[in-house]
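S.K.: sequence first, predicted model second:
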Amino acid sequence: MQVTRELFNEVMVPNYNPAEIIPVRGLGARVWDQAGNEYIDFAGGIAVNVLGHCHPDLVAVLKEQGEKLWHLSNVLTNEPVLRLAKKLTDATFAEKVYFANSGAEANEAALKLARRFALDNYGPQKDQIISFKQGFHGRTFFTVTVGGQAAYSDGFGPKPGAIEHVDYNDLSALEAVMSERTCAVMMEPLQGEGGIISPTQSFVQGVRDLCDKHNALLIFDEVQSGVGRTGELYAYMGLGVTPDILTSAKALGGGFPIGAMLTTTAIAAHLKVGTHGSTYGGNPLACAVAEKVLDIVNTPEVLNGVKQKEQQFREGLNAINAKYNVFDEIRGQGLLLGCALNEKFQGRARDFLVASANEKLMCLVAGANVVRFAPSLILTDTDIQEGLARFERAVAAVVNA
Ligand SMILES: *Cc1c(COP(=O)(O)O)cnc(C)c1O
């Protein structure tokens, strides 16, 4: 069968508009398309491919598990899921794990658990969920409604209720809407899709304090910020603020779909037998791969390497900016970085993305004004230097157009 980009338009639901090229192979931070062109990947499958493409250890564990046991359902448990849960609980504040297949599903579980916890402990009036404008939590109807962009949740009929949004980093706005009715506050400890926005230390601590004051659960959505992305295993570890529930996905599987919700024993107790579930969640194939991802990422070499590589990116991007004057700031943490376009280039992030693709560099945007990088956590110095050289040519192309 001749597979072309035109076939996409013919047979796929038109909710995406992918690039014209079709990648067929990847290795490390490099990807090749059908025509054999080599790309440098600074997008990482949207902060997923933490160990690049086809990391030999991940390929090995995938093959090994693939010849042993793929799937059982939750009628039976399995060895990889229990090993992964043990390692996640050993490495974090959490004592219990629920597995899902995606970030949205992990968040759906977190929100349902928070509602059930409040109902059991305080009664049905405690149902308010507060989240933040520009936040992103997935595309199921509950999670997209908790997300802070009405454009994503409008147009699908009546929304789940008792959900409020306030400005990120605005503690007094949060304080004003919080009360004994508040069941949970959900936030990204580093907003990703919303434009790579870091919280201030005093804001995160203030959110924690307000949650404690009002007996509300604090949910950190670490679907994008987790698994080494910021140079910490989870971003909360660098903030000194511990959530009650944490969700993880994207990087956790290194490219294999998996999601997880982490919490304490006392909170987890409210998802009793039969209250929630998933056919694939905790599937041995996904868990075997995720266990290997965690083994590799949760090491000083990789985590310190992220901080080092962040400096290389920042230096390179600052040098480009000194020449072309296109960014207001380089923001974010670790290898989740955003170049915020200055006044002159407002709304043109996509132009930089297209120009980068022309230079055989894959990057991302985060809204209309931010060019985002979320590469492999173990890309080489050569990948960084060559990728930034391509990015500089892309910037020059946009500026000189
Ligand atoms: C990507 C993302 C999600 C959704 O994850 P899916 O796997 O696409 O469902 C949720 N929260 C955050 C912060 C994300 O970046």
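M.R.: Thanks, I have it.

S.K.: show me which residues of the stretch 101-250 of the chain are close to the ligand?
M.R.: Residues of the stretch 101-250 of the chain lying close to the ligand by C-beta under 6 Å from any ligand atom are 102-104, 107, 136-138, 188, 192-193, 221, 223-224, 249-250. Every residue, glycine included, has its C-beta placed from N, CA and C.

S.K.: out of those residues, which are inside strands?
M.R.: D221 (DSSP state E).

S.K.: by neighbours, which of the residues of the stretch 101-250 of the chain next to the ligand wins?
M.R.: Ranked by neighbour count (other C-beta atoms under 10 Å), these have D221 at the top, with 32 neighbours.

S.K.: quick check: bridge partners of it?
M.R.: D221 has these beta-bridge partners by DSSP bridges: T247.

S.K.: ok, now I130?
M.R.: E164, V185.

S.K.: surely it meets V177?
M.R.: Yes: using C-beta atoms under 8 Å, I130 makes contact with V177 at a distance of 6.1 Å.

S.K.: need the contact list for whatever residue of the chain ends up closest to the ligand.
M.R.: In the chain, the residue that lies nearest the ligand is G103 (2.3 Å; C-beta to the nearest ligand atom). Contacts of G103 were listed using C-beta atoms under 8 Å, 6 or more residues apart in numbering, and they are H137, G138, D221, V223, Q224, T247, A249, K250, G259.

S.K.: nearest spatial neighbour of the fourth one, chain-adjacent residues omitted?
M.R.: Using C-beta to C-beta, 6 or more residues apart in numbering and skipping the chain neighbours, the partner closest in space to V223 is G103 (3.5 Å).

S.K.: what does the second one give?
M.R.: Leaving out its chain neighbours, the residue that sits closest to G138 by C-beta to C-beta, 6+ apart is A104, at 2.6 Å.

S.K.: what residues are up against the one you found?
M.R.: H137, G138, R139, T140, T143, V144, G259.

S.K.: now do 7 Å
M.R.: A104 sits next to G138, R139, T140, T143 when contact means C-beta atoms under 7 Å, 6 or more residues apart in numbering.

S.K.: quick check: which element contains K323?
M.R.: Element membership for K323 (DSSP states H and E) is helix 300-324.

S.K.: kindly export the next helix or strand after that helix (C-alpha atoms) in PDB.
M.R.: As assigned by DSSP H and E, the chain's next helix or strand after helix 300-324 is strand 327-333. Output in PDB follows, covering the C-alpha atoms of strand 327-333 (Å, rounded to 0.1, in the frame of the first residue of the first chain):
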ATOM      1  CA  PHE A 327      12.400  36.500  22.500                       C
ATOM      2  CA  ASP A 328      11.400  38.300  25.600                       C
ATOM      3  CA  GLU A 329      12.600  35.500  27.800                       C
ATOM      4  CA  ILE A 330      13.600  31.900  27.800                       C
ATOM      5  CA  ARG A 331      11.500  30.200  30.500                       C
ATOM      6  CA  GLY A 332      10.700  26.900  32.000                       C
ATOM      7  CA  GLN A 333      12.900  24.400  33.800                       C
END
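
S.K.: quick check: domain ranges of this protein?
M.R.: 5-55+300-400, 57-297 (automatic domain parsing).

S.K.: let me know the average pLDDT across the longest one.
M.R.: Same thing as domain 57-297. Regarding domain 57-297, the rounded mean pLDDT is 98.
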